[in-house]
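Visitor: pasting the structure only:
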């Protein structure tokens, strides 16, 4: 079946402009038919088709304006759908964007919460430090109690160590005959030579003596306590050899050298060649028989009395130590 050109144009118009209402399309078709019926024979078909085309063009432009030309012809105010569609799209876009913003906000809050949660973590540490501070306060009363107790106690007196020997000058008796020495007094006897005494003599004849010094007359006995340096006995040069031998055997003892005041400087020169620590252990016993008790300056003991039974010397406390 063949279709009229007018109907075909109307259908084509409806397909191309889907936004025009069916009512408008129908009205356009009816109008076209009326116009075509009235003007048959007076105007060619092409003119009618041109009117339809112009009407369709006007309807297309109506998409960009609030009222179409067709609506003006029909006297109908058409509702423009575009703004509504635009508002709908904007509303949908806003609806889509809002959840995103809402999601972002909790994310920021969640990120901020751990930082805020970290703050209370310092509080327990501060509380612990604050709790530790009162623990130190009771120390003050404790110190006060100790001080009060110390104040009540008597002060400690540090006594010096008890001396192991004499603390002041004392007398020493020596003799070639041990039996003539006074009892209960420091004594000196000979270990060798013409007047050598025996240990049994000393123990039986010199009873009650606090100490006994043994005198070596020739430098042959380094175990003796004293070396006798005078004419007929040991020499000044031999004194240094004896002191060295004596100190080797008894490094913690003293080495006593007996000599005349006239020979003292020669003995000092000989002993001066020994090591300093040995010289510090040497004690000089000087013979100066004036009959008056005294001690020659620089000596540790001085023999000031010569008698028929014994001789007497005054010794300083460091004489035997």
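Guide: Now that the structure is in, tell me what you want to look at. Note that the structure is predicted; figures quoted are calculated from it, not measured. Numbers count the residues shown, from 1 in each chain.

Visitor: name the helix or strand for residue 242, please.
Guide: Element membership for residue 242, per DSSP states H and E: helix 236-249.

Visitor: next structured bit after that helix?
Guide: Taking DSSP H and E, what comes next after helix 236-249 is strand 255-260.

Visitor: return the residues in contact with residue 200.
Guide: Contacts here follow CB atoms under 8 Å, 6 or more residues apart in numbering; on that basis residue 200 touches nothing. Where C-beta positions appear, they are placed from N, C-alpha and C, glycine not excepted.

Visitor: would you say it is within a strand?
Guide: No - Residue 200 is assigned helix when assessed by DSSP: H, G, I helix; E, B strand; the rest coil, not a strand.

Visitor: for it, give its distance to residue 178.
Guide: As judged by CB to CB, to the nearest Å, residue 200 and residue 178 stand 10 Å apart.

Visitor: can you pull out the low-pLDDT segments for the stretch 1-150 of the chain?
Guide: Within the stretch 1-150 of the chain, the segments meeting pLDDT under 70 span 1-146, 149-150.

Visitor: the stretch 201-321 of the chain now?
Guide: 207-210.

Visitor: at which residues are the helices of it located?
Guide: 236-249, 264-271, 276-279 (DSSP state H, counting those that start in this stretch).

Visitor: I'd like the ones you listed as CSV, with mean neighbour count and distance to residue 220 appended.
Guide: Formatted as CSV, the helices of the stretch 201-321 of the chain follow (neighbours: other CB atoms under 10 Å; distance: least, CB to CB, whole Å):
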stretch, mean neighbour count, distance to residue 220
helix 236-249, 19, 9
helix 264-271, 18, 17
helix 276-279, 12, 19
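
Visitor: for those helices, give me CSV that also has distance to residue 299.
Guide: Conversion of the helices of the stretch 201-321 of the chain to CSV gives the following (distance: least, CB to CB, whole Å):
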stretch, distance to residue 299
helix 236-249, 15
helix 264-271, 8
helix 276-279, 15
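
Visitor: between those helices, which one is nearest to residue 206?
Guide: Each of the helices of the stretch 201-321 of the chain was scored for nearness to residue 206 using CB to CB, and the closest is helix 236-249 (23.0 Å).

Visitor: could you give the angle of that closest one to strand 255-260?
Guide: 160 degrees (axes from the mean of the first three to the mean of the last three CA atoms, to 10 degrees).

Visitor: elements contacting helix 236-249?
Guide: The helices and strands touching helix 236-249, judged by 3 or more CB pairs under 8 Å, 6 or more residues apart in numbering; DSSP states H and E, are strand 226-229, strand 255-260, helix 264-271, helix 276-279.

Visitor: so residue 227 touches residue 235, yeah?
Guide: No - under the criterion of CB atoms under 8 Å, residue 227 lies out of contact with residue 235, with a separation of 10.3 Å.

Visitor: please say which of these two ends up with more neighbours.
Guide: Taking other CB atoms under 10 Å, residue 227 and residue 235 do not tie; residue 227 has more neighbours (28 against 16).

Visitor: before we move on, the earlier item: now render the helices and strands packed on helix 236-249 as TSV, adding distance to residue 167.
Guide: Converted to TSV, the helices and strands packed on helix 236-249 look like this (distance: least, CB to CB, whole Å):
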stretch	distance to residue 167
strand 226-229	22
strand 255-260	19
helix 264-271	26
helix 276-279	25
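
Visitor: of all the ones you listed, which one is nearest residue 303?
Guide: Going by CB to CB, the one of the helices and strands packed on helix 236-249 nearest residue 303 is strand 255-260, 7.8 Å.

Visitor: can you get me a residue count around residue 257?
Guide: Around residue 257 there are 26 residues (other CB under 10 Å).

Visitor: residue contacts, it?
Guide: Counting by CB under 8 Å, 6+ apart, the residues that residue 257 touches are 226, 227, 229, 239, 242, 243, 267, 271, 282, 283, 284, 285.

Visitor: closest to residue 172 out of the residues you listed?
Guide: residue 285 (8.6 Å).

Visitor: residue 296 is in contact with the closest one, correct?
Guide: No - taking contacts as CB under 8 Å, residue 285 lies outside contact range of residue 296: 9.9 Å.

Visitor: got any residues that touch both of the two?
Guide: With CB under 8 Å, 6+ apart as the test, residue 285 and residue 296 both reach residue 302.

Visitor: kind regards, and thank you for your time.
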